[in-house]
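Q: Everything below, folded, please.
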Amino acid sequence: SPEDKYIFLAELKREQNHMWFTVYDASNGKKVKTLFEEKNSKWVEPEHTAVFLPNSNSEFLWLSERDGFMNLYLYDIEKGFVKQLTNYTWVVKEILGFDESRKQVIISGTGDDPRENKAFKVSLKIGKTEVLTPETGSHRVNLSPNGNYIIDSYSNMDTPRVVKIKSTNKKKEATVFTADNPIKDYQLGTTEFVTLKSNNGIDLYGRIIKPANFDASKKYPVLIYVYGGPHAQLVTNTWMGGSNLWMQWMAAEQDYIIFTLDNQGSASRGFEFESIIHRQVGVQEIMDQLTGVDYLKSLPYVDENRLAVHGWSYGGFMTNSLMLRHPGVFTTAVAGGPVTDWKWYEIMYGERYMDRWQENEEGFNTSRVHNYAQNLDGKLLEIIGSVDPVVVPQHTMTLLDAFIKNKKQVDFLSYPMHPHNVRGIDRAHLMKKVLDYVIENNQ
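A: The predicted model follows:
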């Protein structure tokens with residue numbers, strides 16, 4: 001607390017479906033009281049600290065998605081719950097601070113388009129909300145210490161970067177930097193957003209990159225890049241739509257279509273969208289990705305016999321699952337740092353989404369990649385860092401053993417002494433390996 005009198009802990013039971021917000025005496029560590037509790041049949045996930053109101057030692061803001069979206073709640077140490085300050089059907093990302101009057105809190109959140117990020121000011125008295133960054137796109141915002149100004153750095157699909165200084169009372173604004181297109185001299189593909197409808201009626205946001213000199217009368221191979229898990233979002237209204245330069249290279253230099261879809265289970269769409277994976281990872285996510293495949297096959301310029309897929313971490317789990325649980329869809333796959341059996345993943349993350357394996361044998365068995373090793377039909381490359389402490393090598397080693405036991409040929413590469421991600425100069429080697437493998441085998 002501001003006067004250093006109390007310590008606050010958001011305490012979760014191991015099942016992570018019940019949280020106690022507990023007050024402790026900072027001088028002796030003794031429990032004072034539980035101020036409030038949160039329960040959910042799936043999970044409760046406190047991600048943000050309590051933020052005290054200016055000039056108050058008792059009132060604070062708490063971020064919770066208890067009503068389905070991350071919203072602001074006002075509490076008092078003595079009184080407990082005061083009120084729900086916001087009731088958005090979009091996701092609040094962060095509390096940035098307060099304006100000079102101390103009557104408005106400055107926050108960031110998606111606003112109505114989940115692919116964007118914007119800054120807003122919210123009245124502490126009545127919750128009235130005003131947008132401070134109305135420009136289309138994704139904004140990174142810093143608030144000045146006195147709360148009078150923000151530095152707003154943003155981009156969108158067509159804008160590499162603009163930086164503005166704005167007053168929080170919305171009366172002053174100055175553009176201080178406008179970036180030139182850093183790749184204007186390169187041949188690039190064309191990047192577009194798509195919106196698809198899932199089998200359960202949900203809008204899914206995707207990104208398609210078409211080759212440079214695109215010719216709709218031709219048939220193009222496709223590489224699908226996938227992640228698909230919680231706390232991540234790949235399709236954003238940022239410069240180049242959130243794509244990587246290697247995707248642009250594949251489109252421009254190798255005549256590939258690159259496709260990405262944020263399936264249900266991914267971030268920035270609210271609790272229901274993300275929590276559909278509870279106890280059954282790899283079910284709805286795969287269905288959504290196959291919705292993307294069906295869309296691609298409907299395009300007259302897509303060669304449906306030359307589809308490849310690549311992803312890392314959760315995306316590696318998705319890559320293996322798509323390749324093995326739906327054989328014949330993809331000719332080629334590259335799975336990096338893949339989770340293969342969720343009972344070997346770290347407890348906090350794994351049990352939040354899947355519960356304990358002893359309590360959810362069906363879910364763990366269905367998602368276990370090894371159970372589908374006999375279905376391998378095509379070329380598959382598994383890549384890991386040799387000292388990965390996150391997705392430990394046991395995941396891939398046991399999967400390789402399953403392929404061997406099923407007399408299936410598979411490719412494997414380990415990056416010596418790299419952890420979960422391959423970084424530094426070796427990253428270039430990794431991406432060349434991935435893309436060469438796709439180009440050579442997706443025939």
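
Q: distance between the ends of stretch 223-237?
A: 21 Å (Cα to Cα, to the nearest Å).

Q: what about it, distance to the chain center?
A: Remark: stretch 223-237 is offset 6 Å from the chain centroid, using Cα atoms, centre = their mean, to the nearest Å.

Q: what mean pLDDT does it have?
A: Here stretch 223-237 scores 98 as its mean pLDDT.

Q: and it, which residues are buried?
A: 223-230, 233-237 (16 or more other Cβ atoms under 10 Å). Any C-beta I mention is one placed from the backbone N, CA and C, and that applies to glycine too.

Q: any chance of those residues in CSV, plus distance to Arg140?
A: Putting the buried residues of stretch 223-237 into CSV (distance: Cβ to Cβ, whole Å) gives the following:
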residue, distance to Arg140
Leu223, 29
Ile224, 28
Tyr225, 24
Val226, 26
Tyr227, 21
Gly228, 25
Gly229, 23
Pro230, 22
Gln233, 15
Leu234, 18
Val235, 18
Thr236, 12
Asn237, 13
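
Q: Could you work out the most separated pair of those?
A: In these, two members sit farther apart than any others by Cβ to Cβ. They are Leu223 and Pro230, at 23.8 Å.

Q: show me the contacts for Arg250.
A: Careful, residue 250 is Met and not Arg. Under the criterion of Cβ atoms under 8 Å, 6 or more residues apart in numbering, the contact list for Met250 reads 209, 223, 256, 258, 435.

Q: My understanding was that Val225 contacts Ile257; is that so?
A: If you look again at residue 225, you'll see it is Tyr, not Val. No - counting by Cβ atoms under 8 Å, Tyr225 stays clear of Ile257, with 11.3 Å between them.

Q: quick one: which of the buried residues of stretch 223-237 is nearest to Asp99?
A: Asn237 (26.4 Å).

Q: Against Tyr225, how distant is that closest one?
A: To Tyr225, Asn237 is 18 Å away according to Cβ to Cβ, to the nearest Å.

Q: Could you do Gly385 as well?
A: Distance, Gly385 to Tyr225, using Cβ to Cβ: 19 Å.

Q: And for Gln84?
A: The value you get for Gln84 to Tyr225, if Cβ to Cβ is used, is 38 Å.

Q: so what's the residue nearest the centre of the chain up against?
A: The centre of the chain sits closest to Ala232, judged by Cα atoms, centre = their mean, with a distance of 0.7 Å. By Cβ under 8 Å, 6+ apart, Ala232 lies in contact with 266-267, 314.

Q: buried ones in stretch 347-367?
A: Neighbour-count burial for stretch 347-367 [16+ other Cβ under 10 Å]: 349-355, 357, 360, 363-364, 366-367.

Q: Can you tell me what sits against it?
A: 14-16, 43, 45, 230, 277-283, 317, 321, 341-343, 371.

Q: if you set the cut-off to 6 Å instead, what comes out?
A: 16, 43, 277, 279-282, 342-343 (Cβ atoms under 6 Å, 6 or more residues apart in numbering).

Q: Tell me the most packed of these, by neighbour count.
A: Val281 (28 neighbours; other Cβ atoms under 10 Å).

Q: mind checking pLDDT for the residue nearest to that one when sequence neighbours are not counted?
A: The shortest distance from Val281 to any non-neighbouring residue, by Cβ to Cβ, 6 or more residues apart in numbering, is to Ser367 (5.1 Å). pLDDT recorded at Ser367 is 98.

Q: now do Ala333
A: For Ala333, pLDDT reads 99.

Q: and it, how many residues sit next to it?
A: 31.
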